[in-house]
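**Student:** model this:
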Amino acid sequence: MTSPSIDLITSEIIRHLFISAAEEMKINLARSSYNPVVFEMYDFAVGIFDAEANMIAQAPGLPVFLGTLRENVKVITEDIGGLDRFKPGDLYMTNDPYAGGTHLLDVTCVVPVFYGDEILGFSVAKTHWLDVGGKDAGSYSNDTRNIHQEGLRLRSVKLYDAGIPVKSMFDMIKYNVRVSESVLGDLRAQIAACRTGEKRFKAIVEKYGKQLVLDAKTQFMNHAEKMARLAVERIPNGTYRAEGWLDNDSLHPRGKHLPIRVEVTVAGSEMVVDLTGSQEQNEGPINCGLAATISAVRVGFKCLTTPWVPINEGSFRPLKVVVPENSMYNAKYPAPCCQFGRHLLSMIDTFLKAFASKLIGKIPAGHYCDLGILSMSGLDPRSGLEFIHVDSSSGGWGACEGIDGESCLIAIQDGDSKNVPTELMERRYPLRIAQFCLREDSSGAGKYRGGLGHIRDFEILTGPVKLLTSVERHGYRPWGIAGGSDGLSNNAILNPGRREEREVRKVTNFALKMGDILSMRSGGGGGYGLPCERDPLRVLEDVVDGYVSIENARAEYSCVIRKKRRRYIFDSVATKALRLRKNRRE
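**Tutor:** Predicted coordinates for the structure are as follows:
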C-alpha cells in the first residue's frame, strides 16, 4: 500500500539515488581492483540492502548473484547473533557455498549501515578472487571430491572490528592463497566499494530523513512487485515442463549425462519453479547451494517478466522455488562446488525452453549456454613470478521471431561480464592470441538464424604451463524453435591441424609446452523457423560476411551460391529447383 507521507516523484528520486549509489560502488570496485577477472570481466556484484536483508538496489553486473547477496547478509546476521551484535565500522566476509555463497572463489564483504544507533541496512560487495588456496592454482578444478580441496572456506568472518582491521585475518588470507598481492588488492577494492555504499546510504537518509526513505523503499518495492505480478498474469495459467542435460560431472569425463528437469506452474500472479527430478548431488564439483539456485531461477524469471525494470526485492515476490534435498541444486557439506555455474546456466536455459512452445515469438531459441572457462598457470619468465590467467568465452544466442540471434555475447547468467582483451592479456601473461574470429557455420539455421560463436586460439610462449578447461554442453546442442536447426556445440582443441591434435574440453593440470595452441571454440545459437523460408538474399549476405559457408548455404538453406573470382553470386534458378526437390522429398 502506498504511504500517504510520500509522493511518487520523491519516491522515484530516492529509488534512483540508491541505484546511483550501487553503480558508484561498482565503478569504484572495478577501478580499484588488481585482477582482470574483476576490472575487465566484471565478475562481481554490489548492492544495498535494508535491515531485513531485502534488496533495495543492485548495480548491473552478474545476474547470477541476484539472490546470493541477500542470503549472505541473512547468514552473517544469524551467525553473529542478530542485528544488535553489529557495530559501526564492522565488516564481515563470507564465501560458504552452503550458506548463501556460490563457490569459494566468490567472496562477499558486508558492512552494516548505521544511522545513529540504528541499523538501516547493509552495503555488500561480492568479488571473484583469483585464488583461495586449495589443491590447484586458481582454486578451480574438474576433479575435486570435497569442498576442502577447493580452498579456504570462510563463513561470517570479521575483517574489521568497529573500524579497526583484524590483522590476523588479513595475514591468514595472505599466507594461504597464491598471488596474494592480487587477492589482497581485490579485497581492498571490495572494502572501498562497501564503504562507498555505506557513505551514500547515509547521505540519502540525512537529506530526506529516515521515515521518508523507509516509506519510499516500501513504495518502490511494492511497485516492482506489482509490475512482476502483472507480467506473470499475462502468461496463461498452467504447468510448463522441459528437460535438458549436462555432459557429465567433470570428475568422470566418460560418465553419464546429468539430467535437468524444470516444472513451472503459473497460477494467476504466482509462479512456482520446481527442480524435482534433476540430478542428485554429484561426487564431482558440479553442485551448488540453494541460494545460488534461487539466484539463477531469478535470472530466468526476470528475463520472462520485467527485464527492463531495475531490480529490487519486490521484483521476486511472485516467485517460489522448490528444490529437493540431495540435489545438485541444493548441495550439502562436504560437496565440491567450484563449477557451480555450469548447471545453473543449463537450468536457466531449460526454464526458458519450458515456455518456448507455448509463448511463440516471445522466447528465443537456445544459446551456447557455457562460459568455456579456462585457467592457465605457470612461471612468467619475464618476472620469475607465478601467473594465473582466467578467461571465459562468449558465444551465439538463439534467434527469435523476426530477429537473428546475437553473436559472441556472454552467457545469460553473467550479464555484463566479458572476456579479457587481447592487448591486456598479452601484456600481462606469456601468451599470444594467434586467432580470434567468428566461428563460421556455428549458428543454427532457420528463417532467422542463430548467433555465431567464436574461435580464440591461445599460443603458449613459455613452458610448462598448467591448463584447466571447463567446456560444457558439447553433446547437448543449443536447441532450435519452430523448425530451426540446433546451433553448433562448444569445444576446446589442442593444436588443431597438427599431428597431436586432440580435444581438451575438461582437463585439470594438463601440461602445455611452449608453442602449443589452445583453440577455444564456442557454440552458436539455435535457429528460429524453417531454414528454407529464409530470404535467399539474406543467406547471400551471410556468405559474403563469412557467417555461413557456401556448402552450408546449400545443405541447410537450400540456397545455391557460387563464387566467381572474388564475387559471390546467388543462383536463383538453381535455388528454386533445389528447394522444389527438397519439398518433394519431405
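**Student:** Only C-alpha atoms from now on, for both contacts and neighbour counts.
**Tutor:** Noted.
**Student:** mind listing the helices for the chain?
**Tutor:** Using DSSP state H, the helices assigned to the chain run over residues 8-32, 36-39, 68-80, 167-174, 180-208, 210-233, 290-304, 340-356, 422-428, 536-545, 550-557, 572-585.
**Student:** would you turn these into TSV with mean pLDDT?
**Tutor:** Listed next are those as TSV, based on pLDDT from 0 to 100:
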stretch	mean pLDDT
helix 8-32	96
helix 36-39	93
helix 68-80	96
helix 167-174	97
helix 180-208	97
helix 210-233	96
helix 290-304	95
helix 340-356	93
helix 422-428	95
helix 536-545	96
helix 550-557	96
helix 572-585	85
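**Student:** now these as CSV including distance to Gly497?
**Tutor:** Shown next, in CSV, are those (distance: least, CA to CA, whole Å):
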stretch, distance to Gly497
helix 8-32, 39
helix 36-39, 31
helix 68-80, 44
helix 167-174, 43
helix 180-208, 37
helix 210-233, 51
helix 290-304, 39
helix 340-356, 29
helix 422-428, 23
helix 536-545, 24
helix 550-557, 21
helix 572-585, 34
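**Student:** Tell me which of those lies nearest to Gly398.
**Tutor:** Nearest to Gly398, of all the helices of the chain, is helix 340-356, at 10.6 Å by CA to CA.
**Student:** For the closest one, list the C-alpha coordinates in CSV.
**Tutor:** These are the backbone C-alpha positions of helix 340-356, laid out as CSV (Å, rounded to 0.1, in the frame of the first residue of the first chain):
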residue,chain,number,x,y,z
PHE,A,340,28.6,-24.2,-9.8
GLY,A,341,27.9,-22.0,-12.8
ARG,A,342,27.6,-24.7,-15.5
HIS,A,343,24.5,-26.5,-14.3
LEU,A,344,22.8,-23.2,-13.3
LEU,A,345,23.3,-21.9,-16.9
SER,A,346,21.7,-25.0,-18.3
MET,A,347,18.9,-24.8,-15.8
ILE,A,348,18.1,-21.2,-16.9
ASP,A,349,18.1,-22.4,-20.5
THR,A,350,15.8,-25.2,-19.6
PHE,A,351,13.5,-22.9,-17.7
LEU,A,352,13.1,-20.7,-20.8
LYS,A,353,12.7,-23.8,-23.0
ALA,A,354,9.7,-24.8,-20.9
PHE,A,355,7.8,-21.8,-22.3
ALA,A,356,9.1,-21.9,-25.9
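**Student:** Quick one: closest of the helices of the chain to Val504.
**Tutor:** helix 340-356 (16.9 Å).
**Student:** tell me how far that closest one is from the chain's mean position?
**Tutor:** 12 Å (CA atoms, centre = their mean, to the nearest Å).
**Student:** Which elements pack onto it?
**Tutor:** strand 238-246, strand 258-267, helix 290-304 (3 or more CA pairs under 8 Å, 6 or more residues apart in numbering; DSSP states H and E).
**Student:** The worst-scoring helix or strand of the chain on mean pLDDT vs helix 536-545, what angle?
**Tutor:** Scoring the helices and strands of the chain by mean pLDDT, DSSP states H and E places helix 572-585 at the bottom, with a mean of 85. The directions of helix 572-585 and helix 536-545 differ by 110 degrees, with axes from the mean of the first three to the mean of the last three CA atoms, to 10 degrees as the criterion.
**Student:** 41 is where my numbering starts, stick with that
**Tutor:** Done: numbering now begins at 41, and the last item shifts to helix 612-625.
**Student:** list the buried ones in helix 612-625?
**Tutor:** Buried residues in helix 612-625, counted by 16 or more other CA atoms under 10 Å: Thr615, Leu618, Arg619.
**Student:** With adjacent residues omitted, what lies nearest to the last one?
**Tutor:** Just to be clear, that refers to Arg619. Using CA to CA, 6 or more residues apart in numbering and skipping the chain neighbours, the partner closest in space to Arg619 is Ser598 (5.7 Å).
**Student:** ok, the residue nearest to the spatial centre of the chain - contacts?
**Tutor:** Against the mean C-alpha coordinate of the chain, by CA atoms, centre = their mean, the closest residue is Asp454 at 2.6 Å. Listed by CA atoms under 8 Å, 6 or more residues apart in numbering, the contact partners of Asp454 are Asp83, Gly101, Leu102, Pro103, Val104.
**Student:** Most neighbours among the residues you listed, which one?
**Tutor:** Val104 (26 neighbours; other CA atoms under 10 Å).
**Student:** chain center to the least confident helix or strand of the chain: distance?
**Tutor:** 43 Å.
**Student:** Give me the angle between it and helix 590-597.
**Tutor:** Using the same axes, to 10 degrees: helix 612-625 against helix 590-597 is 40 degrees.
**Student:** Restricting to C-alpha, output helix 612-625 in PDB.
**Tutor:** Taking Å, rounded to 0.1, in the frame of the first residue of the first chain, the C-alpha atoms of helix 612-625 are listed here in PDB:
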ATOM      1  CA  SER A 612      18.000 -18.100 -58.300                       C
ATOM      2  CA  VAL A 613      17.200 -20.800 -60.900                       C
ATOM      3  CA  ALA A 614      19.300 -23.500 -59.200                       C
ATOM      4  CA  THR A 615      17.900 -22.400 -55.800                       C
ATOM      5  CA  LYS A 616      14.300 -22.700 -56.900                       C
ATOM      6  CA  ALA A 617      15.000 -26.200 -58.400                       C
ATOM      7  CA  LEU A 618      16.800 -27.400 -55.200                       C
ATOM      8  CA  ARG A 619      14.000 -26.200 -52.900                       C
ATOM      9  CA  LEU A 620      11.400 -27.900 -55.100                       C
ATOM     10  CA  ARG A 621      13.300 -31.200 -55.000                       C
ATOM     11  CA  LYS A 622      13.700 -30.900 -51.200                       C
ATOM     12  CA  ASN A 623       9.900 -30.200 -50.700                       C
ATOM     13  CA  ARG A 624       9.000 -33.300 -52.800                       C
ATOM     14  CA  ARG A 625      11.300 -35.500 -50.700                       C
END
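**Student:** The helices and strands packed on helix 380-396: which one's closest to Leu570?
**Tutor:** Comparing the helices and strands packed on helix 380-396 under CA to CA, the one sitting nearest is strand 278-286, at 21.9 Å.
**Student:** May I see the domains of this structure written out as residue ranges?
**Tutor:** 48-264, 404-574, 576-625 (automatic domain parsing).
**Student:** any chance of the ones you listed in TSV, plus distance to Tyr280?
**Tutor:** Listed next are the domains of the chain as TSV, based on distance: least, CA to CA, whole Å:
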stretch	distance to Tyr280
domain 48-264	23
domain 404-574	16
domain 576-625	31
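**Student:** so which of these gets nearest Thr346?
**Tutor:** Of the domains of the chain, the one closest to Thr346 (CA to CA) turns out to be domain 48-264, at 8.8 Å.
**Student:** so how far is the first residue of that closest one from its last?
**Tutor:** 13 Å (CA to CA, to the nearest Å).
**Student:** Stretch 559-579 too?
**Tutor:** One end of stretch 559-579 sits 28 Å from the other (CA to CA).
**Student:** one step back: show me what the least confident helix or strand of the chain is in contact with.
**Tutor:** Cys572, Ser598, Cys599, Val600.
**Student:** Now the first one: closest residue in space that isn't a chain neighbour?
**Tutor:** I take that to be Cys572. Per CA to CA, 6+ apart, closest to Cys572 is Tyr597, 5.0 Å.
**Student:** Correct me if wrong: the one you found contacts Ala485.
**Tutor:** Yes - using CA atoms under 8 Å, Tyr597 is in contact with Ala485, at 7.2 Å.
**Student:** Looking at these two, which one has more neighbours?
**Tutor:** Legend: neighbour count by other CA under 10 Å for Tyr597 and Ala485, higher for Ala485 (32 against 23).
**Student:** one step back: most tightly packed of the helices and strands packed on helix 380-396?
**Tutor:** helix 330-344 (a mean of 24; mean count of other CA atoms under 10 Å).
**Student:** chain center to that one: distance?
**Tutor:** 11 Å.
**Student:** residues making contact with it?
**Tutor:** 103-108, 111, 138-142, 313, 355-356, 359, 361, 363, 369-371, 384-385, 387-389, 391-392, 453.
**Student:** Neighbours of Gly174, how many?
**Tutor:** Neighbour number of Gly174 under other CA under 10 Å is 22.
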